[in-house]
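Visitor: Kindly return the folded structure for what I paste below:
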Amino acid sequence: MSVQSAAADVDVDLRQLFASLGRNWLRILIFVLVVTGLAFTAASFATRHYKAQTQVEIAPRESVYTRPSGSNNDADKPILDEQGVATQVQIISSNEVLKQVAQKLGLSRRPEFDETINMSPLSRLLLLLGLKSDPMDVPIDERVLKKMREKLNVYGVEKTRIIAIEFSSEDPKLAAAVPDAIAAAYIAGQGAAKSESNTAAADFLAPEIADLSKQVKDAEAKVAAYRAQSGLLMGGNNSTLATQQLAELSTELSRVRANRAAAEGTAESVRKALQNGGSLDSLPEVLSSDLIQRLRERQVELRANIADMSTTLLDNHPRIRAAKSQLADLDAQIRSEAQKIMKGLAMQADAAKARESQLVADVNTLKAASAQAGEQQVGLDALQRDAAAKRQQLELYLTNYREAASRQDRNYVPVDARITSPASVPSEPYFPKIGPIVGAAAAASLLLATIFTLLRELFSGRAMRPALGARFEPIDEVAMPPANHQEPAAGPEVANAFANRAAETSWPEPLSETPAQPPAAAEVEPVAKVEPAAEPEPVAKSGPAAEPGPVAELEPVAEPESMAEPEPAVEDRRPRSVLGEIDIEKAAEKLIASGSARAIFVSPEGDEAAASAILVAREVSDAGLRVLLLDLTASGAASRPMLDSGLFPGITNLLASQAQFSDVIHSDLYSDCHVIPVGTADPVRAMRAADRLPIIMQSLTTAYDLVVVECGPADAQGIGRLGGEATEVFLSMLEPDDEVTRAAVKLIESGYPDLTLVTPLGHEPPGTPLPGRRSAA
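Guide: Numbers count the residues shown, from 1 in each chain. Below is the predicted model:
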């Protein structure tokens, strides 16, 4: 990634750009005052216009006591919906109403409505030159109507049946008189239209009633003549006489048939009982005979006597035999009487049958007569319907004619409109409003003057400056002092290796090299005894480096790019080192020039060394790149100085699925850099999702130009998940002691031969907090 891809060759110096407003304040003020004065003068001498308003309500005005009796359905009521009100608005602003008002108020004699009166010399000159049309070519009525429409505004008030009539004029009295006159002319026109409608209705109904009266009389005469000719005499229930007789005979025939069937059934029952010798006591007709009842009583009495005599006499005794003989005669008499009853029933059945036959013949005769009467009834019904329709129409016409004639005589025509709020004479003009006009002119002139000044400053080039990062200063190699004291065998070899790799690094200018003495010639002198030209303020050394916590393998999120002015460089007054480390500025330039997407910082000396990652991230961000710092230290040493707090959600919350990317990315309080802190979630739970770190890192490198990861005192295995394409590994150091040397050797032996040492000493921008020896806060 090149620097030119992230920043332009030149930037706009906003401070210089807006400072031009202060340099040209007098010019801006004079321009604003001149424009404001002109606006005040124009508003003060402008013609005053006054506006008045009249409100008209559209609603039925018919009284319940005078409402026509035939207008109870909804179809006869006026339509007062939105379209109905809009129709009345058009009627109010029609030419007919406006002409009446113009004639009544004499508007054609006012110069305000007819420009031909008191025409100005300029207008006459334009007419002579042919640059303006001659108003005399237009009729005076059209000229007045045109001016009235320009000053008139008729509209319906939203969600009401109120119509507002607004009119503006140079004369306040005329401004109030015109809308009142328009409302009065509208109401008068509506009343005249209703009166004309009533007169037309009465004139139409009078001859129609006379014709209908004659037609009704003729139709009723035809009905009476047809009824007499056809013999369709009316009986009860509005039916013909033949139909009524047929109904009565049908009822009688049904009754006779029922009686015949009952008589035949009873006679058959008696006959079967006599033939089979059965008992006659179960037949109601036999039991109902008085003679048979007396014979039954005599029979019972003889049987009782025989029973008494049987107690003293034998069966062959003459008295018993005589009693039994009488008993047998009684049985014979009962059966004889039953046969007579059977014969009587048979005779009743024959009589009913004969009656039935007679009734059937009569019914058939009446059926033919009734059928003929039905055919004739069709013609009679048609004549009756025609007569009834004409009579009903005649009655309706008579009712409407009486109502129309009464309204015409009394001149009672209620209009469905009334003036609810007449116009009042306005005391203040609605135009011009001097205050708003002057204020708007001042604001507009100030805005225009400001824009003009800024554009002039911008186009002149005085507000432009070279873009940061477009050019790099030559990078000088840090001189390595001679070493004199005993150190582990790996120490001098590591120093020579870093010095040789620094010399081979491709920088904008060749690096000066100061070779170290061979290990066999001299021993390495302790770095702590080197006397620098200017010693930075000492910092207390922390205790043993903390072990990398579970957050050493976490992943960041994308955030929008932010811009900030770069911090001024601080003069490097730190001592020269023997390990070939570089300072913050050169580390930032190396990342920008190489186009690295990831920068991994390892701090074996603890929290205080995390300042390198912070300062490098801010330095690259000030060059115009989008930078994010991911804090994977156990104590939050890298994020706490940037946020002034350690209570923000961070990478542990993201891994524990307790937050989203937008929740864990925060802005640095002292630069345009973004930061993902350690977070507040349980580290043990977050480490269970450590496999997501490569995915998170890939997402962050897609959204940012550079992702800086501070891993604390991590080893090669701990930073293995964080690497990828275009990755630089840095070892942050404060003092080149044994601890730093051993950490560097382990990283080189573990597969990071291009390890770069960086130190934050000598780079302390004012106002930017750095981590302390014990805490990052």
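Visitor: In the stretch 201-350 of the chain, mark out all the helices, start to finish.
Guide: For the stretch 201-350 of the chain, applying DSSP state H, counting those that start in this stretch gives helices covering 241-276, 284-287, 290-309, 318-410.
Visitor: for the record, mean pLDDT for the helix or strand residue 143 falls within?
Guide: Counting by DSSP states H and E, the element that carries residue 143 is helix 140-151. Looking at helix 140-151 alone, the average pLDDT works out to 92.
Visitor: Same check on stretch 326-337?
Guide: The pLDDT scores in stretch 326-337 average 76.
Visitor: closest to residue 137 out of the helices of the stretch 201-350 of the chain?
Guide: Closest approach to residue 137 among the helices of the stretch 201-350 of the chain is made by helix 318-410 (46.1 Å; CB to CB). Glycine gets a C-beta too; all of them are placed from N, C-alpha and C.
Visitor: just how off-centre is stretch 143-162 within its chain?
Guide: 34 Å (CA atoms, centre = their mean, to the nearest Å).
Visitor: repeat for stretch 386-397
Guide: Between the centre of stretch 386-397 and the centre of its host chain there is 58 Å, according to CA atoms, centre = their mean.
Visitor: who's in contact with the spatially closest residue to residue 97 that is not a sequence neighbour?
Guide: Closest residue to residue 97 in three dimensions, ignoring its sequence neighbours and counting by CB to CB, 6 or more residues apart in numbering: residue 185, at 4.9 Å. By CB atoms under 8 Å, 6 or more residues apart in numbering, the residues touching residue 185 are 97, 100-101, 104.
Visitor: Columns mean neighbour count and distance to residue 155 on top of the helices of the stretch 201-350 of the chain, output as CSV?
Guide: Shown next, in CSV, are these (neighbours: other CB atoms under 10 Å; distance: least, CB to CB, whole Å):
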stretch, mean neighbour count, distance to residue 155
helix 241-276, 16, 71
helix 284-287, 16, 98
helix 290-309, 14, 107
helix 318-410, 15, 33
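Visitor: which of those has the lowest average pLDDT?
Guide: Out of the helices of the stretch 201-350 of the chain, helix 284-287 stands lowest, with a mean of 63 (criterion: mean pLDDT).
Visitor: before we move on, back to that, so which of the helices of the stretch 201-350 of the chain gets nearest residue 37?
Guide: Shortest distance between residue 37 and the helices of the stretch 201-350 of the chain, using CB to CB, is found for helix 318-410: 67.0 Å.
Visitor: Looking at the helices of the stretch 201-350 of the chain, spot the one closest to residue 139.
Guide: For those, distance to residue 139 was read as CB to CB. The smallest value, 37.3 Å, belongs to helix 318-410.
Visitor: how far does the closest one sit from the chain's center?
Guide: Relative to the centre of its chain, helix 318-410 is centred 76 Å away, using CA atoms, centre = their mean.
Visitor: for that helix, packing partners?
Guide: The helices and strands touching helix 318-410, judged by 3 or more CB pairs under 8 Å, 6 or more residues apart in numbering; DSSP states H and E, are helix 172-230, helix 241-276, helix 284-287, helix 290-309.
Visitor: and the angle from it to helix 241-276?
Guide: Regarding helix 318-410 and helix 241-276, their directions subtend 160 degrees when assessed with axes from the mean of the first three to the mean of the last three CA atoms, to 10 degrees.
Visitor: After helix 318-410, heading C-terminal, what element do we hit next?
Guide: The helix or strand immediately downstream of helix 318-410 is strand 418-421, counting by DSSP H and E.
Visitor: could you dump that following strand to PDB, C-alpha only?
Guide: Output for strand 418-421, consisting of C-alpha atoms alone and laid out as PDB, is shown next (Å, rounded to 0.1, in the frame of the first residue of the first chain):
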ATOM      1  CA  ARG A 418     -74.100  31.300   5.600                       C
ATOM      2  CA  ILE A 419     -71.400  33.800   6.500                       C
ATOM      3  CA  THR A 420     -69.900  32.600   9.800                       C
ATOM      4  CA  SER A 421     -67.100  35.200  10.100                       C
END
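Visitor: Partner strands of that strand, with direction?
Guide: Using DSSP bridges, the strands paired with strand 418-421 in its sheet are strand 50-57 (antiparallel).
Visitor: Touching the strand it pairs with from outside, list them.
Guide: Strand 50-57 has contacts (CB under 8 Å, 6+ apart) with 92, 157, 161-172, 175-176, 178-180, 182-183, 186-187, 417-426, 428-430.
Visitor: Separate out the buried members of these.
Guide: The neighbour-count test (16 or more other CB atoms under 10 Å) applied to the contacts of strand 50-57 identifies 92, 161-169, 172, 175-176, 178-180, 182-183, 186-187, 417, 419, 423, 426, 429 as buried.
Visitor: quick one on the thing from earlier: so which of the helices of the stretch 201-350 of the chain comes closest to residue 87?
Guide: Comparing those under CB to CB, the one sitting nearest is helix 318-410, at 24.2 Å.
Visitor: what about residue 411, how many residues close to it?
Guide: Other residues near residue 411 number 9, with proximity taken as other CB atoms under 10 Å.
Visitor: Give the full set of residues in contact with it.
Guide: When contacts are counted by CB under 8 Å, 6+ apart, residue 411 is found next to residue 195.
Visitor: Then the one 10 residues further on?
Guide: Counting by CB under 8 Å, 6+ apart, residue 421 makes contact with 53-55.
Visitor: Most neighbours among those, which one is it?
Guide: Neighbours here are counted as other CB under 10 Å. On that basis the top member of the contacts of residue 421 is residue 54, with 24 neighbours.
Visitor: Would you map the strands across the stretch 1-150 of the chain?
Guide: If you assign secondary structure with DSSP state E, counting those that start in this stretch, the strands in the stretch 1-150 of the chain sit at 10-12, 50-57.
Visitor: Give me whichever of those is most buried.
Guide: The highest mean neighbour count among the strands of the stretch 1-150 of the chain belongs to strand 50-57 (a mean of 21), with neighbours defined as mean count of other CB atoms under 10 Å.
Visitor: now that strand: mean pLDDT?
Guide: In the prediction, strand 50-57 has an average pLDDT of 95.
Visitor: ok so, going back, how about the contacts of residue 185 in a markdown table, adding pLDDT and neighbour count?
Guide: Below are the contacts of residue 185 laid out as a markdown table (pLDDT from 0 to 100; neighbours: other CB atoms under 10 Å):
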| residue | pLDDT | neighbour count |
| --- | --- | --- |
| 97 | 94 | 20 |
| 100 | 94 | 17 |
| 101 | 95 | 23 |
| 104 | 93 | 13 |
